[in-house]
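> kindly return the folded structure for what I paste below:
(chains A, B, C and D)
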Number of protein chains: 2
Amino acid sequence: MDDDFRRFRRGHLGRALVRAKWAFDAQFDERIRAAGFDDYRPSDVEIVARLPDEAGTTVTELVRRARRSKQAVGKLVSSLEERGYVQRRPDPDDGRAQRIFLTSRGERFLRAARTVIEAIEDDWCAQLSERRVKGLKRALLKAADAFGGEDYL
Amino acid sequence: MDDDFRRFRRGHLGRALVRAKWAFDAQFDERIRAAGFDDYRPSDVEIVARLPDEAGTTVTELVRRARRSKQAVGKLVSSLEERGYVQRRPDPDDGRAQRIFLTSRGERFLRAARTVIEAIEDDWCAQLSERRVKGLKRALLKAADAFGGEDYL
DNA sequence: TTCCTTTTGTAAACGTGGTTGTCAAAATGG
DNA sequence: CCATTTTGACAACCACGTTTACAAAAGGAA
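Okay, here's the model as predicted:
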């Protein structure tokens, strides 16, 4: 446990990512609750942000987009439905399938989330400069594209 | 759901952080397992990386550093102990306390983790340039310092 | 049509990683 | 000596994910 190791430990890429993501998540959590969504859970976003389709989205389609098991997606959707963010309706063309829609509360959540995220980005810009935050996002997304597989949204 | 929203959704700061961290974690998991630590669990690092002290570290001290409850730390330490990464020894000066030490396997893990992380950073540098990765780390850590609270290590 | 296979979604059991509430035992400070 | 604090354990529970098993509808071929 020499000084070299100590220096490495504090500043390596993994630690930088963990700490920055932790800070972002804490800021998001606090502000989205303050905006009236105090029943928010972190896993909600993975589903809600992937319901863009006015025609409704099936669980199976969400499974592809969110890279989770059918069962996990089904449970997340049930939880969101209980809390009034989404609604299930039977698929008119397929008796097995359900189509999932955002409710108006779900749409309000999505708009509030965008507002919150833009406010956080403003804070980061004030701390780092807008140029650096833009460079940060570009670098992170380029690495994610290169090493993190496809981006299903 | 207009084009503006679609563009925002794919490129905002939160998404960039999530995707980049996901990519990093996947790379780390694969390589640390290949290095012989196939019983690795993501939460291990939070404890192992915070055991720098040759004199041993108490659970209470780890609680402060890892920002987790006593119970969570206790369970993580038990799990690490079962798998041979750490060892508990009674505190000679305090009959209540236990001092936690890395075993030689734990120390090997720490060295392997460093090697793996440096290899991942090399990959990112090859993709983004060394200058950009350095700037990335600086920006992430500066934001974490500003918005993420203290860094206990 | 009937039969077989695939697709869609649910249910049950379980694993990991965290929480709070409670408690015993040791240390500490009047 | 006694009251209080500190240390760490146990039990119960929650959030979020997995695998296994299954019912029901769809789809395709004889």
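
> the top helix by length along chain A vs chain B: in contact?
Identified as the longest helix of chain A according to DSSP state H is helix A:104-128. Yes - in terms of CB under 8 Å from any CB of the partner chain, part of helix A:104-128 sits within range of chain B, namely A:Arg114, A:Ile117, A:Glu118, A:Ile120, A:Glu121, A:Asp123, A:Trp124, A:Gln127, A:Leu128. The C-beta positions use only the backbone N, C-alpha and C, and glycine is treated the same way.

> quick check: closest non-adjacent residue to A:Asp91.
Closest residue to A:Asp91 apart from its sequence neighbours, by CB to CB, 6 or more residues apart in numbering or on different chains: A:Ala97 at 3.9 Å.

> meant to ask about A:Asp44
Going by CB to CB, 6+ apart, A:Asp44 has A:Leu80 as its nearest residue, at 6.3 Å.

> likewise A:Phe28?
What sits nearest to A:Phe28 in space, not counting adjacent residues and going by CB to CB, 6+ apart, is A:Val116, at 6.0 Å.

> contacting residues around the one you found?
Taking CB atoms under 8 Å, 6 or more residues apart in numbering or on different chains, we find A:Val116 in contact with A:Phe28, A:Arg31, A:Ile32, A:Ala35.

> need phi/psi at the one residue sitting closest to the centre of chain A.
With distances taken as CA atoms, centre = their mean, A:Val45 lies nearest the centre of chain A, 4.2 Å away. Dihedral pair for A:Val45: phi -60, psi -40, per degrees, to the nearest 10.

> if we can go back for a sec, the residue nearest to A:Asp44 - how many residues pack around it?
For A:Leu80, the neighbour count with other CB atoms under 10 Å in any protein chain shown is 25.

> picking up where we left off before, after the longest helix of chain A, which helix or strand is next?
Sequence-wise, the next helix or strand downstream of helix A:104-128 (DSSP states H and E) is helix A:130-147.

> may I ask which helix or strand encompasses A:Ile47?
For A:Ile47, the element it lies in under DSSP H and E is helix A:44-48.

> that concludes my questions; thank you for your assistance.
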